[in-house]
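Engineer: got a predicted model here, sequence first, then my questions.
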Amino acid sequence: MPAPVLEAMTSWLNAEAETGGYEIAELCAKEVAGFYESGARLLNARPDNLAFTSSATNAFARALSSIPFAPGDVILIANEDYISNQIAFLSVQKRYGIKLVRAESGKEGGVDVQDLERKIIQYKPRLVSLSHVPTNSGLVQPAEAVGALCRAHGCWYLLDACQSVGQLPVDVQQLQCDFLTATYRKFLRGPRGAGFLYVSDRALKAGLEPLFVDMRGAAWKDADHYELRRDARRFEDWELPYALVMGARAAMDYALDIGLDAIALRNAGLCARVRKGLVALGLSPLDHGRNLSSIITVTVPGWDPVKLKKALLERRINTSITYREFAVIDFGKKNVDWALRLSPHYFNTDEEVDQLLLALKEIL
Ligand SMILES: Cc1ncc(COP(=O)(O)O)c(C=O)c1O
């Protein structure tokens with residue numbers, strides 16, 4: 001996390017300790033409102049379209065729970081979608097008798113938009129969902145093209161932008177999504193335990209509400225009647241971790257100050273350097289797709305993943321390992337059991353990339 005993010009959180013916690021949690025939230029209502037304003041600037045939305053959540057998965061579950069499914073409805077998704085989303089869809093299918101359909105992947109990698117369109121026409125899905133930047137495949141999905149199809153055919157569109165927000169410019173007007181979910185601790189460089197949900201005006205006006213609305217999201221008008229609040233905060237809990245809200249706001253402001261176009265350009269340069277270096281070491285990155293992301297996956301045959309990660313960590317290089325069960329369809333096709341995941345961020349230097357490549361050379 002950058003210093004201003006940490007400072008925003010520690011100063012809030014100090015104020016809570018000195019003044020009282022409820023009192024400081026009331027006194028600093030303007031600062032809290034700044035969270036929604038920054039979110040709106042980040043996504044090209046309105047502050048009323050934003051809700052704070054505890055994670056991307058939490059935001060996703062709230063959005064999913066608001067779709068008025070009927071038995072026999074279809075949910076259309078992509079093979080590369082995030083593991084927890086796939087599990088959530090399977091669980092909705094088990095409980096409500098909904099049919100889960102996956103669009104084919106194209107030859108180049110990523111969802112085949114033509115097949116997705118065919119399936120939209122064939123199945124008339126209630127919901128289409130996509131992970132913008134899948135965790136394991138190193139690609140950027142054609143989320144805008146999918147958004148245009150959803151609008152044309154009148155399906156709800158739930159976009160998981162957990163790995164794209166903060167890495168790339170993300171504009172909900174261009175994406176035409178009804179819901180967009182993300183987290184703060186990844187490319188946005190915010191705190192853990194914080195995420196958000198964007199809800200379109202269309203979804204708000206249609207009265208979509210999470211399965212469990214609390215006193216934040218609705219007013220209890222009489223014994224058998226509650227009234228939903230008009231904005232996206234109907235998806236929030238009454239109780240918020242305000243220090244994290246402040247950290248999240250500072251993280252968005254930080255990214256906006258640097259500029260998302262500049263961040264994306266820098267990320268692309270760093271990633272090209274890493275991918276080229278990996279190939280020069282005789283390794284084959286697993287990433288396929290027209291547009292590659294700042295998540296690089298590579299197999300290292302004959303190596304134990306835990307030992308490899310530890311050896312890099314000993315050289316102060318942070319990486320992660322991703323296993324077949326995190327992406328059963330994608331890794332099944334690629335026939336790999338695990339991959340080393342490298343996610344250069346714009347703050348990394350070219351020298352750090354070279355250190356990584358040298359370290360890999362030495363270790364291997
Ligand atoms: C594409 C994608 N979606 C969703 C998530 C879940 O995010 P969170 O752990 O904040 O719920 C992740 C986490 O890695 C992810 O990569």
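Structural biologist: Thanks, I have the structure now.
Engineer: which outside residues touch stretch 258-274?
Structural biologist: Here stretch 258-274 makes contact (Cβ atoms under 8 Å, 6 or more residues apart in numbering) with 42, 166-170, 187, 255, 292-294, 296, 342, 344-346, 348, 350, 353, 356-357. Bear in mind the C-beta positions are built from the backbone N, C-alpha and C, glycine included.
Engineer: narrow these to those that are buried.
Structural biologist: For these, a burial check counting by 16 or more other Cβ atoms under 10 Å picks out 42, 166-168, 170, 187, 255, 292-294, 296, 342, 344, 346, 348, 353, 356-357.
Engineer: filter these down to just the ones in strands.
Structural biologist: 296, 342 (DSSP state E).
Engineer: check the buried ones among the contacts of stretch 258-274 against the ligand, which are close?
Structural biologist: Filtering the buried ones among the contacts of stretch 258-274 for proximity to the ligand by Cβ under 6 Å from any ligand atom leaves nothing.
Engineer: show me what contacts A339?
Structural biologist: So A339 contacts 136, 286, 297-299, 321-322, 331 (Cβ under 8 Å, 6+ apart).
Engineer: gap between it and I295?
Structural biologist: 10 Å (Cβ to Cβ, to the nearest Å).
Engineer: for the protein, which helix is longest?
Structural biologist: As assigned by DSSP state H, the longest helix anywhere in the chain is helix 260-280.
Engineer: coming back round to it: the contacts of A339, buried ones only, as a PyMOL selection?
Structural biologist: Here is the PyMOL command that selects the buried residues among the contacts of A339 (16+ other Cβ under 10 Å):
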select buried, resi 136+286+297+298+299+322+331
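Engineer: show me which residues of the protein sit near the ligand.
Structural biologist: 55-57, 82, 84, 131, 134-135, 160, 162-163, 183, 195.
Engineer: 5 Å - rerun?
Structural biologist: Within the chain, the positions lying close to the ligand (Cβ under 5 Å from any ligand atom) are 55-57, 82, 131, 135, 160, 162-163, 183.
Engineer: nearest to the ligand: which residue in the stretch 201-350 of the chain?
Structural biologist: I295 (8.2 Å; Cβ to the nearest ligand atom).
Engineer: list the contacts of the lowest-mean-pLDDT helix or strand in the chain.
Structural biologist: Sorting the helices and strands of the chain by mean pLDDT, DSSP states H and E puts helix 328-334 at the bottom, at a mean of 92. Outside helix 328-334, the residues that touch it by Cβ under 8 Å, 6+ apart are 79-80, 102, 105, 134, 136-137, 286, 323-324, 337, 339.
Engineer: likewise stretch 200-208?
Structural biologist: So stretch 200-208 is contacted by 46, 48-49, 66-68, 156, 172, 177-179, 199, 228, 230-232, 234 (Cβ under 8 Å, 6+ apart).
Engineer: put the alpha carbons of that stretch into PDB.
Structural biologist: Extracted in PDB, the C-alpha atoms of stretch 200-208 (Å, rounded to 0.1, in the frame of the first residue of the first chain):
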ATOM      1  CA  SER A 200     -26.300   0.500 -12.800                       C
ATOM      2  CA  ASP A 201     -29.200   2.900 -12.800                       C
ATOM      3  CA  ARG A 202     -31.100   0.300 -14.800                       C
ATOM      4  CA  ALA A 203     -30.700  -2.300 -12.100                       C
ATOM      5  CA  LEU A 204     -31.500   0.200  -9.400                       C
ATOM      6  CA  LYS A 205     -34.700   1.400 -11.200                       C
ATOM      7  CA  ALA A 206     -35.800  -2.100 -11.700                       C
ATOM      8  CA  GLY A 207     -35.800  -2.500  -7.900                       C
ATOM      9  CA  LEU A 208     -33.100  -5.200  -7.800                       C
END
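Engineer: any idea of the mean pLDDT in it?
Structural biologist: Averaging pLDDT along stretch 200-208 gives 98.
Engineer: buried sites along it?
Structural biologist: 200, 203-204, 208.
Engineer: this protein: helices as residue ranges?
Structural biologist: Going by DSSP H, the chain shows helices at 3-19, 21-27, 29-43, 56-65, 83-96, 113-123, 143-153, 172-175, 201-205, 242-258, 260-280, 305-314, 328-334, 350-363.
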